[in-house]
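>>> Here's a sequence, model it:
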Amino acid sequence: MALYLGVMSGTSLDGLDIALIEQTTRTRLIATRFQEMPAKLKQDLLALCSSGRDELKRAAIAENQWATLAAETVDQLLIEQQLAPQSIRAIGSHGQTIRHEPHLGFTIQIGNPALLAELTGITVVGDFRRRDVAAGGHGAPLVPAFHESIFGNSQRVRAILNIGGFSNLSILYPGNPTHGFDCGPGNVLMDAWIQRHKCLAYDRNGDWATTGIVDEDLLTLMLNEEFFKTQGPKSTGRELFNLAWLDRLLAERKDLQPADVQATLLELTARSIAESLIATQLNVEELLVCGGGAHNAALMRRLQVLAPTCEVKSTDSEGVPADWVEAMAFAWLAHCCLEGIPANRPAVTGARGSRILGAIYPG
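Here you go, the predicted model:
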């Protein structure tokens, strides 16, 4: 029996997700812990997603704070589970993405895995994405290999949809290589818009969006973005889809009510996912949804309408909690690294071949 911890903070920056798994021939979730991101650290990390003054110093300080927060949360989880650090084989730490520009040959996740190893006394595997980028890939999405591992034993054609800040699909077709790609914005624009207008972190259940009316002209402008016209492998991030992008599209539409914009943003997320499914030209029978978007009831309903031939449901229905799939994935990726198992999927990322992902920092 080998125990691993996965540490994940996504583009929403709401906090750290930590999952404890047991890895044998199967992956079993044992325990979880969520740590809210301190407001100042969240602000600092968001600021690092675009160019600014004294970036190197600010990034170094922020990643030390991130690693310290992660170490404290790991310690709390181990105390709760009455486990010693020595009982954990490794921590798989994703870190926090602050730039993702694979077309320029780089992706940056900060989180100081050396400090995390020092503070916890546990071996840390980090820096998962750069080896794939070095091999000509996008370094994202990386979770399709894990989706294949835990959801790929069905005889049905399945798509696993992660809706975090951005959305990505894994297509699991029995007897064929796993395929996957980013679809576009998930929650990132909806969250930013409601934060601006309602001072709320997110639109619970899509309730605000349901009070608005989708503006088809605005939606058409959004979907004209070049990203949506390209086939995978592809990935995206805050470098493209952000409030500045939205504001440019709204510059000539000052007549729109904020709720209508929110409704249109929800439709953008749903439509870009549905059109990505259609573009695969595969008869997907099940769409299993994980990530924060799985809790957006209005979005889930809209996905079912737009993808009527497949059953849309949460990964909870398969015994894998929707909120913890990504953290589990990075625990599993740590296992793959230590065992020498390639964990990228070239058909997903566009890399020249399979690669062992991650850098090891002994505890």
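>>> Let's see the distance spanning stretch 41-55 from one end to the other.
14 Å (Cα to Cα, to the nearest Å).
>>> In it, which residues are buried?
Using 16 or more other Cβ atoms under 10 Å as the test for burial, stretch 41-55 gives 41-42, 44-45, 47-49. C-beta: built from backbone N, CA, C; applies to glycine.
>>> That stretch: how far from the chain's middle?
20 Å (Cα atoms, centre = their mean, to the nearest Å).
>>> Confirm that E22 sits in a helix.
No - E22 is assigned strand when assessed by DSSP: H, G, I helix; E, B strand; the rest coil, not a helix.
>>> what are the bridge partners for it, then?
L3, R28 (DSSP bridges).
>>> Which pLDDT value goes with it?
pLDDT recorded at E22 is 98.
>>> Same check on M1?
For M1, pLDDT reads 78.
>>> so what's it closest to, chain neighbours aside?
Distance criterion Cβ to Cβ, 6 or more residues apart in numbering; nearest residue to M1, sequence neighbours excluded, is E22 at 5.8 Å.
>>> And for F166?
Distances taken as Cβ to Cβ, 6+ apart put G186 closest to F166, at 4.9 Å, once the chain neighbours are dropped.
>>> Burial check on T309, number of neighbours?
Applying other Cβ atoms under 10 Å, we find 10 residues neighbouring T309.
>>> That one reaches N283, doesn't it?
Yes - shown here, T309 and N283 form a contact pair, counting by Cβ atoms under 8 Å, at 7.0 Å.
>>> And the contacts of stretch 332-339?
Residues from elsewhere that reach stretch 332-339 (Cβ atoms under 8 Å, 6 or more residues apart in numbering): 2, 4, 6, 21, 23, 27, 89-92, 123, 125, 128, 142, 145-146, 149, 341-343, 356-358, 360.
>>> Give me the distance between the most far-flung residue of the chain relative to its centre and D215.
Farthest-out residue of the chain from its mean C-alpha position, per Cα atoms, centre = their mean: D255, at 33.6 Å. Using Cβ to Cβ, to the nearest Å, D255 is found at 9 Å from D215.
>>> what's the answer for R196, then?
From R196 to D215 the distance is 17 Å (Cβ to Cβ).
>>> Go through this structure and flag its longest helix.
helix 55-81 (DSSP state H).
>>> Just checking: what are the partner strands of the helix or strand just after that one?
Following helix 55-81 in sequence order, the next helix or strand is strand 90-93 (DSSP states H and E). Counting by DSSP bridges, the strands paired with strand 90-93 are strand 2-8 (parallel), strand 124-126 (parallel).
>>> which of those strands sits most buried?
Among these, the stretch with the highest mean neighbour count (mean count of other Cβ atoms under 10 Å) is strand 124-126, at a mean of 29.
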